[in-house]
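Asks: Got a predicted structure plus its sequence, pasted below:
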Amino acid sequence: MREAAQHPNSTDIHSLRIGSMSPNFTADSTQGKINFHEWIGDSWCLLVSHPKDFTPVCTTELGKLVEKQNEFAKLNCKIITLSDDSCSSHIKWGKDIREIYSNGIKFPMIDDSNLWVAKLYNMLPQFEPASKTRSPLQNATVRSIFLIAPDKTIRMKLTYPLLVGRNYDEVLRCLKAIQLCDTYPVGTPEGWSPGVQVLSAPGLAKVSKELPVNSNLIKVKDYFVLVKDPSAPKRNYDSNH
């Protein structure tokens, strides 16, 4: 498989969209050198970027990821983070996370002190100079989340402002919805959570299963058909829509 770019100044780098192949890279991390696509393997992947180590908002976000890492694992989703600092700095920051949140970081943190990955994923301009003296404000756009499927395509991306904490319950909800829609010919309504009615969406995506025969379709409009969540046990069915 061809990597998306061989150099951060390459003209091959394009805007990354939903459905784009995630750029591959090899980088040092707190768990050794990683080839990104090989590390993902057959799993889903949550790639989370931070503008700098020892920043207060990002500290709370890492603390929440520590709390949620088992929930992501149950969905076959690995977590990997990056920050525009060295691995030695990441390790020191990780000690603070353990002290504050009483649990250690089990996922790798990428050394992106040369801004390689931030540029590769279009979070910083290609010709942005790397420097140890860069501030979080200079790296303010390195605040993105990429949800990557086992086939290495980007399935969701979010970018947050520098001072606004991210919501990993929402990321989990989105991952569950994507996996449901990959399995059945459905779409999820606003604010959907598992067990709540979904929307029949035949023909919109390639899926692995048909809707169960007892799906209880409710036609509201020709284009608006409600259906029971096909992944939910019957006793947990919620008729809200």
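Replies: Right, received. Where do you want to start?
Asks: Is it correct that E99 falls within a strand?
Replies: No - with DSSP: H, G, I helix; E, B strand; the rest coil as the criterion, E99 is assigned helix and is not in a strand.
Asks: In stretch 92-102, which of the residues would be classed as buried?
Replies: 93-94, 97, 101 (16 or more other CB atoms under 10 Å). Heads up, the C-betas are built off the backbone N, CA and C, glycines and all.
Asks: for stretch 19-39, that is, sorry about that
Replies: Quick answer for stretch 19-39 (16+ other CB under 10 Å): 20-25, 27-30, 34, 36-37, 39.
Asks: Break down this structure into its helices, ranges please.
Replies: Taking DSSP state H, the helices of the chain run over residues 36-40, 56-74, 87-101, 116-120, 168-183.
Asks: now stretch 150-159: how far from the chain's centre is it?
Replies: 7 Å (CA atoms, centre = their mean, to the nearest Å).
Asks: Next: stretch 110-121.
Replies: With CA atoms, centre = their mean, you get 17 Å for stretch 110-121.
Asks: Offset the numbering so it begins at 712, please.
Replies: Sure, I'll start counting at 712 from here, so that last one is stretch 821-832.
Asks: what's next to it, contact-wise?
Replies: Residues outside stretch 821-832 that contact it (CB atoms under 8 Å, 6 or more residues apart in numbering) are 715-716, 719, 724, 727, 734, 736, 738-740, 745, 758, 760, 791-798, 801, 835-837, 839, 841, 843, 850, 853, 855, 857.
Asks: care to break this protein down by domain?
Replies: By the assignment in automatic domain parsing, the chain contains the domains 737-877, 895-947.
Asks: quick revisit: just give me the closest of the buried residues of stretch 803-813 to L874.
Replies: W804 (18.3 Å; CB to CB).
Asks: which residues does the nearest residue to the closest one once chain neighbours are set aside contact?
Replies: Closest residue to W804 apart from its sequence neighbours, by CB to CB, 6 or more residues apart in numbering: D764 at 4.4 Å. Contacts for D764 (CB under 8 Å, 6+ apart) come out as 794, 796, 800-801, 803-804.
Asks: Just give me the closest of the residues you listed to V909.
Replies: Nearest to V909 among these, with distances taken as CB to CB, is S794, at 36.9 Å.
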